[in-house]
Structure formats: C-alpha cells, structure tokens
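Visitor: Next come a sequence and a model predicted from it.
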Amino acid sequence: MASTPEGIPASYAERCRDGLAAHHDSLLHLSHSIHAEPETAYAEHRSAMKVATLLEREGFMVERGVAGLDTAITARYGSGDLVVGLCAEYDALPEIGHACGHNIIAAASVGAALALRDVADALDITVKVIGTPAEETGGGKITLLKRGVFDEVAFAMLVHPAAEELCAPRTLAITDLRIAYAGRESHAALAPHLGVNAADALTLAQVAIGLARQHLEPHQMVHGIVTEAGTVPGVIPGYAEGLFYLRAGDFTSLGRLEKRIRDCFRAGAVATGCTETITEDSPPYADLVSDAWLADAYRAAVTTLGRTPLAAAEEARRITPASTDFGNVSHVLPVIQPSIALDCGGAVNHQPEFAAACVGPSADAAVLDGALALAWTAVAAATDPDRRTRMSDDVRRRAGGSLLDP
C-alpha cells in the first residue's frame, strides 16, 4: 500500500502526517473531553472553549462569539489567498449526548488544521477552522453563512462518524414544524361536553399524517413526537403540542410535503374546534451536494490509509436519509462531508450505543484517519493548478454578493 496518496507531493503528505502525529494525545483528549461533557444547541460553551484553547495554544488567531453567536468560533493560520475551511461541530443531542459523534468531527477538523499548519505557507493557503454550533437543531451554519463567515472560504470540509464509509453522501432537505393546539379545559367526567380537547386535535393530525404516508413522494419522510398533551386524565387537555421533522430530496419537494402536513394539522383543529399555531424551531436545511473533485481526492486519501469506502458508482445511486445544515453551505461553495466508519456493533447514529462507540478505539482511529485524509485532500486541491484557479475564481465571483439559502 502506498504511504501517500497518488497525485499529491510526497513531501507535503509526510509533513502533514508528522504534524498530526505530534498532536496525537491532545486530539484524542479533545475528542474524549467534548464527549464527556455534552452540550446542546447554542449552549456548547465548554466545547467551543476547548477547541479555541487548543488552536490558540498552537498559534492560530482565534475569534470567539463569531457572527453574533456566543458559541461560534473561528481560528486562522497562514496568509495564503486560498482559504481552506474546516468545520468543527460540537453540539450534542438531549439525553443521549454525542450519539452523532460531533466530538469526533471537532477533533478531526482541529487535527486537519494542525496537520496543515506546517505546510500552510509553502502551499500559500490560509487554514480556517470554523466552530459551528447547533447542527442537530438550530442551523448554526446557516446563520454563519448568511453573516459572511464563509465568504472567503474556497472550500469547506468535515468528516462525520457513521456505521459505514462514504466519500460523497447525499442527504435530504429538512424542515421542522412545531404544532400547538389550544382548546378548553373541563372536568373529564362531570362536564366533558364543555371541553375542547387539544390532545384529540393532535391525535387526529397524527392519524391524517399516518394515512398520508402511503402517498408521499420518493424520499419524503415525516416523523414527530408529542411534547405536551395534558397533565392528568381527569382534565380535558386544553393545550397540546408536537414537533415534527419533514424531509425530502430537495427544497421543491419539501415545499409540497410541508403544504400537505400543514393541511393535516389544520384538519385536527377543524375536527375538534381547537385553534392551531405552527412555528419553526430551525431554518430549513437544504440537501447536501458533495463536490465531486474533492470527494475523489478524499477517496484517494482515505483509501491510502487502509479504509474501504463504498464504491463510487454504488454510492452515487444512494441517498442517505439524514440531514445537515452543511447542505445550505454546499449550495454556495464546494464542500465534502464524508462519513468515516466506527466499530459500533450494528448501532447507528442517534442511538445510545453509537454514543458509547464514539469514544472507543475505532473512534480514536476515526479522529486521526479523518484528520489526515482531510489534510491530504486540502493539499491535493492547493497543489492542482486548475482546481485551485477554479476555486479562486469562484470566491471572487461570490465576493461582495450575499450568500443566501438555495
């Protein structure tokens, strides 16, 4: 097996490898420490501080509270005209912690940045780590995108832990809808006829959604939970609330799905006499579109490290039924978000067993392999004249414009 990927200068590849090796212990400590103190969306104060402190100690210029978000950070090294973006996610899920492995994402992106630090001047690049809060809910990258944090970035990358190895996964667009029904309380035995049952309205909406599933378009999905539906059986519930995620292949399909689900919500209100209020917790996330050139470069890098990703032809036929706010970024500039496999015993993301796997030996290997593969991908882009010119031209084209959602 080759020690460096074909197509990139061996000297740069080895310097990245050596630079990463020098930070082996600190990167794994970062991953484990973030995992041990899970923080949810926009509350990732300790996690952001850990990332910022390590990078600052290693000579990066760190800015905290970026774009008006308390837990967003940037860290820069170098002064080259090609800006390489490495996204560090660090939010966790309520109750089950880092069951999506964002501790690995953060540590791998920091590792890639440290691996690139010693070659940044020679490559004439600027390494920019972007600490992005609230991926699970809240859409931190969307806010950072709108407020200019990605304006100068030529391409952006992160590596995501999963049960399988993919280089260019495609994901679904998503929006969330919070439905609240207001009715009227009454004694459930003495005067049920005076009550207007908000829980019934939510039940009817769920039945309507369940029946609608037979007629959903390919890649459309709906899943939700009841967050409130009364307190005691003896009182007709005067308030009920649920939160639903709607997914689809793209924003156009998502719009059609949202109209149908809103009609289901309305049906619950009409049938029971309740009033309904629909709000959104997060901005809509777009489908993720991976850059083919970067994905190929990453495939060469990760294969060199002994990993075996799914074949490109088979991968191209699949859509991963998950969603990310990185999708919005992918419609504005080149990105990749490959998945890197863990030994997770059949568990998948968002399960407690997967959270446990995110600090095991295979998780540590994912941090180090992911970091080096991302660094080598950046070297490939920086040393390919045609690709570099195309990326630089794209940044100039975007300069002065507004980076909007697709």
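Guide: Arrived safely, thanks for sending.
Visitor: Roughly how far does the spatially most central residue of the chain sit from Asp393?
Guide: What sits nearest the mean C-alpha location of the chain, by C-alpha atoms, centre = their mean, is Thr324, with 3.9 Å. From Thr324 across to Asp393, the span is 27 Å (C-beta to C-beta, to the nearest Å). In short, each C-beta sits where N, CA and C put it, glycine included.
Visitor: With Thr277 instead?
Guide: 47 Å.
Visitor: ok, now Thr308?
Guide: Here Thr308 is placed at a distance of 35 Å from Asp393 (C-beta to C-beta).
Visitor: same check, this time on Ala341
Guide: 35 Å.
Visitor: who has more neighbours, those two?
Guide: The residue with more neighbours, out of Ala341 and Asp393, is Ala341; 19 against 11, by other C-beta atoms under 10 Å.
Visitor: which ones are touching that one?
Guide: Pro161, Ala162, Ala163, Glu164, Glu165, Arg307, Ser362, Ala366 (C-beta atoms under 8 Å, 6 or more residues apart in numbering).
Visitor: can you rerun that using 6 Å?
Guide: Residues near Ala341 by C-beta atoms under 6 Å, 6 or more residues apart in numbering: Glu164, Glu165.
Visitor: Equivalent analysis for Ile104, please.
Guide: Ser31, Pro161, Cys358, Ala363, Ala366, Val367.
Visitor: quick check, it in a helix?
Guide: Yes - using DSSP: H, G, I helix; E, B strand; the rest coil, the assignment for Ile104 is a helix.
Visitor: Please read off the pLDDT at the residue nearest to it when sequence neighbours are not counted from the model.
Guide: Setting aside the residues directly before and after it, Ile104 is nearest to Pro161 in space (C-beta to C-beta, 6 or more residues apart in numbering), at 4.7 Å. Here the pLDDT value assigned to Pro161 is 98.
Visitor: go on, Gly401?
Guide: 57.
Visitor: what do you get for the one 4 residues further on?
Guide: At Asp405 the predicted local confidence, pLDDT, stands at 43.
Visitor: Over to Pro237?
Guide: 98.
Visitor: what sits up against the lowest-mean-pLDDT helix or strand in the chain?
Guide: Scoring the helices and strands of the chain by mean pLDDT, DSSP states H and E places helix 312-316 at the bottom, with a mean of 93. Outside helix 312-316, the residues that touch it by C-beta under 6 Å, 6+ apart are Leu166.
Visitor: what's the following helix or strand after that helix?
Guide: helix 326-330 (DSSP states H and E).
Visitor: Starting from that next one, tell me the next helix or strand along the chain.
Guide: strand 335-336.
Visitor: who touches that next one?
Guide: Ala156, Met157, Ser290, Asp291, Leu294, Ala295, Tyr298, Val329.
Visitor: tell me the contacts of the fourth one?
Guide: Shown in contact with Asp291 (C-beta under 6 Å, 6+ apart): Pro334, Ile336.
Visitor: same thing but at 8 Å, please
Guide: Listed by C-beta under 8 Å, 6+ apart, the contact set of Asp291 reads Phe155, Ser330, Pro334, Val335, Ile336.
Visitor: In TSV: these, plus distance to Gly242, pLDDT and neighbour count.
Guide: Shown next, in TSV, are the contacts of Asp291 (distance: C-beta to C-beta, whole Å; pLDDT from 0 to 100; neighbours: other C-beta atoms under 10 Å):
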residue	distance to Gly242	pLDDT	neighbour count
Phe155	39	98	22
Ser330	30	98	23
Pro334	38	98	24
Val335	33	98	25
Ile336	35	98	27
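Visitor: before we move on, the earlier item: name whatever forms a beta bridge with the residue nearest to Ile104.
Guide: Ile340 (DSSP bridges).
Visitor: So it sits against Ile340, correct?
Guide: Yes - in this structure Pro161 lies within contact range of Ile340 using C-beta atoms under 8 Å: 5.8 Å.
Visitor: Common neighbours of the two, please.
Guide: Ile104, Ala366.
Visitor: show me where the stretch 151-300 of the chain has strands.
Guide: Taking DSSP state E, counting those that start in this stretch as the test, the strands found in the stretch 151-300 of the chain are 153-157, 160-162, 173-182, 221-228, 239-248, 275-279.
Visitor: Would you mind finding the most buried of those strands?
Guide: Greatest average neighbour count among the strands of the stretch 151-300 of the chain goes to strand 153-157 (a mean of 26), per mean count of other C-beta atoms under 10 Å.
Visitor: That strand packs against which elements?
Guide: strand 82-89, strand 125-132, helix 292-304, strand 335-336, helix 361-383, helix 385-398 (3 or more C-beta pairs under 8 Å, 6 or more residues apart in numbering; DSSP states H and E).
Visitor: redo that, cut-off 7 Å
Guide: strand 82-89, strand 335-336, helix 361-383, helix 385-398 (3 or more C-beta pairs under 7 Å, 6 or more residues apart in numbering; DSSP states H and E).
Visitor: Thr383 and Ser11 touch, don't they?
Guide: No - taking contacts as C-beta atoms under 7 Å, Thr383 lies outside contact range of Ser11: 10.6 Å.
Visitor: Name all residues that make contact with the residue nearest to Ile104.
Guide: By C-beta atoms under 7 Å, 6 or more residues apart in numbering, the residues touching Pro161 are Gly101, Ile104, Ile340, Leu342, Cys358, Ala363, Ala366.
Visitor: how close does the closest residue to Phe326 other than its chain neighbours sit to Val62?
Guide: Nearest non-adjacent residue to Phe326, counting by C-beta to C-beta, 6+ apart: Gln337, 5.4 Å away. Using C-beta to C-beta, Gln337 is found at 24 Å from Val62.
Visitor: ok, those two, which is more surrounded?
Guide: Gln337 (27 against 18).
Visitor: Phi and psi next, for that one.
Guide: When read as degrees, to the nearest 10, the backbone of Gln337 gives phi -140, psi 70.
Visitor: In the contacts of Asp291, find the pair that's most separated.
Guide: Phe155 and Ser330 (10.3 Å; C-beta to C-beta).
Visitor: if we can go back for a sec, and the residue nearest to Phe326, what does it touch?
Guide: Applying C-beta under 7 Å, 6+ apart, one finds that Gln337 lies in contact with Leu158, His160, Pro169, Leu288, Ser290, Thr324, Phe326.
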